[in-house]
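Asker: Show me how the following folds:
(one chain, ligands or ions: 1)
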Amino acid sequence: MSEHNKPWDSNQITREYFDSLLVEMRHIDAVIPSTKLELYGETFDTPIMMAALSHLDNVRENGMVEMAKGAHAANAVNWAGMGDEAEISAITATGARTINIIKPYADNDYILRRIEHAERCGVMALGMDVDHSFGGNGRYDLVLGEEMKAKSLNELKEFINSTKLPFIIKGVLSEQDAYKALEAGAKGIVVSHHHGIMNYAVPPLYILPSIAKVINHQIPIFVDCGIISGMDVFKALALGADAVSAGRVIMEPLKKNGSEGVKDQIIKMTEELAGVMARTCSRDLKNIDPAVIWHRNGW
Ligand SMILES: Cc1cc2nc3c(=O)[nH]c(=O)nc-3n(C[C@H](O)[C@H](O)[C@H](O)COP(=O)(O)O)c2cc1C
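Answerer: Numbers count the residues shown, from 1 in each chain. Sure, this is the predicted structure:
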């Protein structure tokens with residue numbers, strides 16, 4: 001099997017789905033579009049956010065802080081995944097408006113302490129990647145020696161009720177979990193398969209319209225996995241996302257040019273997005289008509 005033909009690989013399936021979506025054009029009455037994002041009472045220049053990455057020191061020295069600086073310079077939302085308290089403090093000290101995704105550690109008291117620490121650092125929101133509790137063998141995962149555990153609805157409610165900040169559930173890939181996220185009191189969800197944590201995972205954009213129906217504009221919907229261009233971002237927004245996260249696509253620019261590279265990559269993708277919005281008569285992020293998306297046969 002060649003490197004590029006892995007029919008089970010969720011990243012490959014997700015790319016195929018992005019490429020199966022076509023976009024009609026609408027020119028009459030079109031205007032210069034706005035890509036401004038309103039999120040949790042703050043305004044950003046773009047709906048393209050950093051993904052909740054971690055351990056970027058092997059990509060670039062001080063990689064997580066460099067990424068935060070780049071997001072801040074582009075007036076984009078920064079996200080941060082697993083990392084110790086000192087790293088979260090250093091990331092937020094850059095001034096980047098940051099969402100901290102805390103792992104589903106087995107020890108709930110530790111999670112509550114991490115929530116408190118993130119609050120003290122002034123994060124704009126926090127959350128949990130509920131899709132990273134298991135390894136592929138059906139046992140709880142050990143992530144860098146730290147034991148994980150699946151969380152019940154009641155445990156999620158306890159975390160959510162422990163903070164006044166918006167709490168986001170990352171790793172929703174079913175209507176069932178979307179209903180549960182609402183019931184738990186989440187203030188946002190990330191539709192994601194965690195860059196292919198399981199084979200044959202449904203592409204986030206494929207299931208997004210069904211999840212958006214469940215959420216029904218009650219809380220913001222974010223999407224990640226495989227977003228590499230402004231066109232991908234447009235398709236996600238058209239199908240029901242309020243904003244997206246980009247992870248692996250910023251790695252190379254981060255490696256080459258640090259925070260400048262990250263900033264340039266966000267701006268480039270935002271301009272591509274604006275280009276598609278202009279040609280589809282989409283005046284702003286709230287006015288992208290899902291009917292501009294056409295599905296190629298076969299999906
Ligand atoms: C190096 C790396 C580290 C990551 N660490 C975390 C993490 O700590 N917490 C988390 O929720 N997701 C983590 N992720 C997953 C990303 O947040 C995101 O869901 C995934 O990479 C899909 O987006 P992408 O295709 O744009 O990279 C990590 C991804 C990468 C590539």
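
Asker: what mean pLDDT does stretch 95-103 have?
Answerer: What stretch 95-103 shows for mean pLDDT is 98.

Asker: who in this structure is up against the ligand?
Answerer: 51-54, 81-82, 101, 129, 170, 192, 194-195, 224-227, 246-249 (C-beta under 6 Å from any ligand atom). All C-beta atoms are positioned from the backbone trio N, CA, C, and that covers glycine.

Asker: Just the buried subset of these, please.
Answerer: Neighbour-count burial (16 or more other C-beta atoms under 10 Å) is assigned, among those, to 51-54, 81-82, 101, 129, 170, 192, 194, 224-227, 246-247, 249.

Asker: State which one residue of the stretch 1-150 of the chain is found closest to the ligand.
Answerer: Gly81 (2.3 Å; C-beta to the nearest ligand atom).

Asker: Distance check, that residue against Arg283.
Answerer: Separation of Gly81 from Arg283 (C-beta to C-beta, to the nearest Å) stands at 34 Å.

Asker: Likewise for Val123?
Answerer: Distance from Val123 to Arg283, by C-beta to C-beta: 31 Å.

Asker: For these two, indicate the residue with more neighbours.
Answerer: Applying other C-beta atoms under 10 Å to Val123 and Arg283 shows that Val123 carries more neighbours, namely 25 against 15.

Asker: quick one, what contacts that one?
Answerer: Ile88, Thr92, Thr98, Ile99, Asn100, Leu165 (C-beta atoms under 8 Å, 6 or more residues apart in numbering).

Asker: of all those, which comes closest to Arg279?
Answerer: Ranked by distance to Arg279 (C-beta to C-beta), those are led by Ile99 at 31.0 Å.

Asker: buried set for the biggest helix by length in the chain?
Answerer: Longest helix in the chain by number of residues, with DSSP state H as the criterion: helix 251-278. Within helix 251-278, the residues scored as buried using 16+ other C-beta under 10 Å are 251, 253-254, 257-259, 261-267, 269-270, 272-274, 276-278.
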